[in-house]
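A.B. asks: what's the 3D shape of this:
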Amino acid sequence: MEVDGEINGEAVGRCLSSFIDDGTTESHRYYLARRTTLEMLKDRGYIIPSSEINQTLHEFRSIFGPKPDLDRLRIASVLQADQSKRIMVIFCGPQLVKVNTVRGIGAQIVNKEGLNGLILILQSKITSQAQRAVDQFQFKVEIFQITDLLVNITSHVLKPKHQVLTPREKEKLLKKYNLEEKQLPRMSMKDAIVRYYGYEKGQVLKVTYSGEITQSHVTYRCVS
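C.D. replies: You can find the predicted model right below:
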């Protein structure tokens, strides 16, 4: 063991944190965020191999290295129920995301046939001009901060179960209780669960709460 000093006359080894370099920390963050993103896509119904989700940090580093190339971290997948629908995930660097960055991404994916969704994972802020450029894409673009994806929020034991009602189920629910959509409790588009599953405005969710202390109960909420 390397000696880094003495305390009360006894040799003291180096602090463990001194062995963690920037590359190791960086790759660990990418590993966690990429794993959560893969889980998120699978939960949305996209085809994701379990081998990728179950990849260990050691395996991740052996493939991508201590300082991963962001282009190699990209994810592309198709929807299980309709494989003509494709989504892509792009990791952005630590720099401020400017309009030229967004235009560069657009130029790279313009020829991607069937692409109907894009997820950008940022490490910094995005300028208002760049956001306007994002809004001009012809398909849905979702933006996450990498810190939002270091932990999978749906894995928490206290999180209720969310299930989207089909249009027909939604209609039957409103008819059964003689309600209009606007009378249902609301769930913001900014809600972490709404963003994780990629729910759309107007969708109605069946939310099931259960626990050892509180009895199981169900409520319905409309995404707004």
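A.B. asks: quick one: contacts for the residue nearest the centre of the chain?
C.D. replies: Centroid-nearest residue in the chain, with C-alpha atoms, centre = their mean: residue 37, separated by 4.4 Å. Applying C-beta atoms under 8 Å, 6 or more residues apart in numbering, one finds that residue 37 lies in contact with 75, 89, 119, 121, 144, 149. Any C-beta I mention is one placed from the backbone N, CA and C, and that applies to glycine too.
A.B. asks: and the helix ranked longest in the chain, how far out from the chain's middle?
C.D. replies: Among the segments of the chain that qualify as a helix by DSSP state H, the longest is helix 22-43. With C-alpha atoms, centre = their mean, to the nearest Å as the basis, the distance from the averaged C-alpha position of helix 22-43 to the chain average is 9 Å.
A.B. asks: likewise for stretch 93-104?
C.D. replies: The answer for stretch 93-104 is 19 Å, by C-alpha atoms, centre = their mean.
A.B. asks: quick one: average pLDDT of that stretch?
C.D. replies: Stretch 93-104 shows an average pLDDT of 95 in the prediction.
A.B. asks: so what are the domain limits for this structure?
C.D. replies: Following automatic domain parsing, the chain resolves into domains at 22-151, 155-223.
A.B. asks: give me the neighbour count for residue 98.
C.D. replies: Summarising burial for residue 98: neighbours were counted as other C-beta atoms under 10 Å, giving 14.
A.B. asks: pretty sure it sits against residue 132.
C.D. replies: No. With contacts counted by C-beta atoms under 8 Å, residue 98 stays clear of residue 132, the gap being 11.7 Å.
A.B. asks: which parts of this structure are strands?
C.D. replies: In the chain, the segments counted as strands under DSSP state E are 3-7, 10-13, 75-78, 86-91, 115-122, 140-145, 161-164, 186-187, 204-209, 217-223.
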